[in-house]
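*Asks:* No letters, just coordinates:
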């Protein structure tokens, strides 16, 4: 069954993915092509906290189009190993959070900053790329937020590499690549591509760490619990090198 599934992934990856019309701009509507619905990025500004909690330290809050909220929060107890989560909730009249759903934790990460993608059909839910990391990005946890659930779609082992000046010379910065991601698909199966010239890949699953590759060569096929790296349209696993 695994080989059949990988073949299906390769077929989906081989389908055309639309080229963004204007860099990182947010498209006004969803389109469709042979790889499925194209999701547009929804820019949701961070808000001030609108709930209080004795057990959660809230980092940032976002209001969803349906009037509910998503917050990034972790335990106030520094000894806890729970880590950060995304929480879908509704505020109550006493300023508490009526939690509807909670994502898998982001162990050891100092951030879980979400970028949201949606179609014009609210019933499709939202795809969420959550940037993980500390000073640099570690990559992206991917979720489908639908039916009051954060369905985990795996991890993207990529970042956006830039450089900044310092007294010692240029310093490499590995940033959040989610604003440059493009999402297509649906029904629990998604293809994620990137509109940058190149991407920083932490592991190419072929024995090479920290490599720069043209973005056109790199994409991910995401289904529940798993993000499969595809290079040049071919699924890559540690047991199946190019």
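*Replies:* Looks like it came in fine. Remember, predicted model here, so these are calculated numbers, not experimental data. Residues are numbered from 1 along each chain as shown.
*Asks:* ok so residue 199 is a strand residue?
*Replies:* Yes - counting by DSSP: H, G, I helix; E, B strand; the rest coil, residue 199 falls inside a strand.
*Asks:* what sits against it?
*Replies:* 158, 159, 160, 161, 177, 212, 213, 215, 218 (Cβ atoms under 8 Å, 6 or more residues apart in numbering). C-beta here means a position set from N, CA and C on the backbone, and glycine is covered the same way.
*Asks:* my guess is the last one contacts residue 194, does it?
*Replies:* I take that to be residue 218. Yes - at 6.6 Å, residue 218 counts as touching residue 194 under the criterion of Cβ atoms under 8 Å.
*Asks:* Assign a three-state SS to the spatially most central residue of the chain, would you?
*Replies:* The centroid of the chain falls nearest to residue 129 when counting by Cα atoms, centre = their mean (1.7 Å). Under the three-state scheme (three-state DSSP), residue 129 adopts strand.
*Asks:* could you list every residue that touches it?
*Replies:* Going by Cβ under 8 Å, 6+ apart, residue 129 touches 114, 115, 117, 140, 141, 142, 156, 178, 181, 192.
*Asks:* Kindly tell me how buried the closest residue in space to the fifth one that isn't next to it in sequence is, as a neighbour count.
*Replies:* Nearest in space to residue 141, with sequence neighbours left out and distances taken as Cβ to Cβ, 6 or more residues apart in numbering, is residue 130 at 4.4 Å. Applying the criterion other Cβ atoms under 10 Å, we find 26 residues in the vicinity of residue 130.
*Asks:* and residue 130, what are its bridge partners?
*Replies:* residue 114, residue 141 (DSSP bridges).
*Asks:* residue ranges with poor pLDDT in the chain?
*Replies:* Applying pLDDT under 70 to the chain flags the ranges 1-35, 239-242.
*Asks:* Mind jotting down where the helices sit in it?
*Replies:* 2-14 (DSSP state H).
*Asks:* ok, now which residue in it is the farthest from the centroid?
*Replies:* Most peripheral residue of the chain (Cα atoms, centre = their mean): residue 167, 33.8 Å.
*Asks:* mind pulling up the phi and psi values for it?
*Replies:* Reported as degrees, to the nearest 10, the phi and psi values for residue 167 are phi -60, psi -30.
*Asks:* returning to what we had before: the spatially closest residue to the residue nearest to the centre of the chain that is not a sequence neighbour: neighbouring residues, count only.
*Replies:* Of all residues not flanking residue 129 in the chain, residue 178 sits nearest, at 4.0 Å (Cβ to Cβ, 6+ apart). Residues within reach of residue 178, counting by other Cβ under 10 Å, total 26.
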